[in-house]
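Novice: quick one, structure for this:
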Amino acid sequence: MNSRSRIDRYQNYIIRDWQSDDRIAAAEVIKNALAEYGLGWEPDGADRDVIDVEKYYLDRGGEFWVIEDNGIIIGTSAYYPCLFQSSEPENLGEQAVEIRKMYLHSKVRGQGLGKYLLCKLERTIFDRGYREIRIETASVLTAAVKLYESNGYVPVTDVETSRCDRAYVKFIDK
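Specialist: The predicted structure follows:
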């Protein structure tokens, strides 16, 4: 693991920093989760960041985590900094982060792991000094929509990913 590696646990699951040999397994988790909901895998579009984690996350100051169960990758979660035109005038032009690639294998959903990951991402983002978080998702991902809305994310209209039809923002208080 690299020098800034982190390991965390939730129940029996290990949450750790992505490593280059995780590329195929992480992509498979995401591809399979999308397929369950009738959404397509887009390696040349919305999912190119999973193919090149170094460029889209690590080199930009973001993070990409994998979740393991007995050495098998069963989930992913990530964020990267990006420039948004904030809807709050005092934050115009400031950097925000976008949470991306929060996917879990169907066998581990409904155990609180998604909520734990979201809270862990928010804490990490806050500790890095960011106060605005963006998320895009698809309406068909009803559990994700419910998770975001029940954790203080509010709808916005600036969806950038063709596969997604919902976007959310959350401002973290200082």
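Novice: please count neighbours and contacts with C-alpha atoms only from this point.
Specialist: Fine.
Novice: what sits against residue 104?
Specialist: 29, 30, 33, 74, 75, 76, 114 (Cα atoms under 8 Å, 6 or more residues apart in numbering).
Novice: so of the residues you listed, which ones are in strands?
Specialist: The strands, defined by DSSP state E, take in 74, 75, 76 from the contacts of residue 104.
Novice: among the residues you listed, pick out the one closest to residue 60, please.
Specialist: residue 76 (18.0 Å; Cα to Cα).
Novice: what about the residue nearest the centre of the chain, distance to residue 49?
Specialist: By Cα atoms, centre = their mean, the mean C-alpha position of the chain lies nearest to residue 100, the distance being 2.9 Å. From residue 100 over to residue 49 the distance is 9 Å, taken as Cα to Cα, to the nearest Å.
Novice: checking my notes, residue 149 in a strand, right?
Specialist: No - Residue 149: not assigned to a strand; according to DSSP: H, G, I helix; E, B strand; the rest coil it is helix.
Novice: residue 97 sits in which helix or strand?
Specialist: Following DSSP states H and E, the helix or strand that holds residue 97 is strand 95-104.
Novice: where exactly do the helices run in this protein?
Specialist: For the chain, the helices defined by DSSP state H occupy 23-36, 48-51, 53-56, 113-127, 142-150.
Novice: got these as a markdown table, with mean neighbour count columns?
Specialist: A markdown table is the format used below for the helices of the chain (neighbours: other Cα atoms under 10 Å):
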| stretch | mean neighbour count |
| --- | --- |
| helix 23-36 | 17 |
| helix 48-51 | 18 |
| helix 53-56 | 18 |
| helix 113-127 | 17 |
| helix 142-150 | 15 |
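Novice: in a markdown table, list those along with mean pLDDT.
Specialist: Shown next, in a markdown table, are the helices of the chain (pLDDT from 0 to 100):
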| stretch | mean pLDDT |
| --- | --- |
| helix 23-36 | 97 |
| helix 48-51 | 94 |
| helix 53-56 | 96 |
| helix 113-127 | 96 |
| helix 142-150 | 96 |
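Novice: using TSV, lay out those together with distance to residue 96.
Specialist: Shown next, in TSV, are these (distance: least, Cα to Cα, whole Å):
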stretch	distance to residue 96
helix 23-36	24
helix 48-51	18
helix 53-56	15
helix 113-127	9
helix 142-150	17
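Novice: hmm, back to that, quick check, nearest of the contacts of residue 104 to residue 43?
Specialist: Comparing the contacts of residue 104 against residue 43 with Cα to Cα places residue 30 closest, at 10.9 Å.
Novice: residues contacting the closest one?
Specialist: Counted by Cα under 8 Å, 6+ apart, residue 30 has contacts 41, 75, 76, 101, 103, 104.
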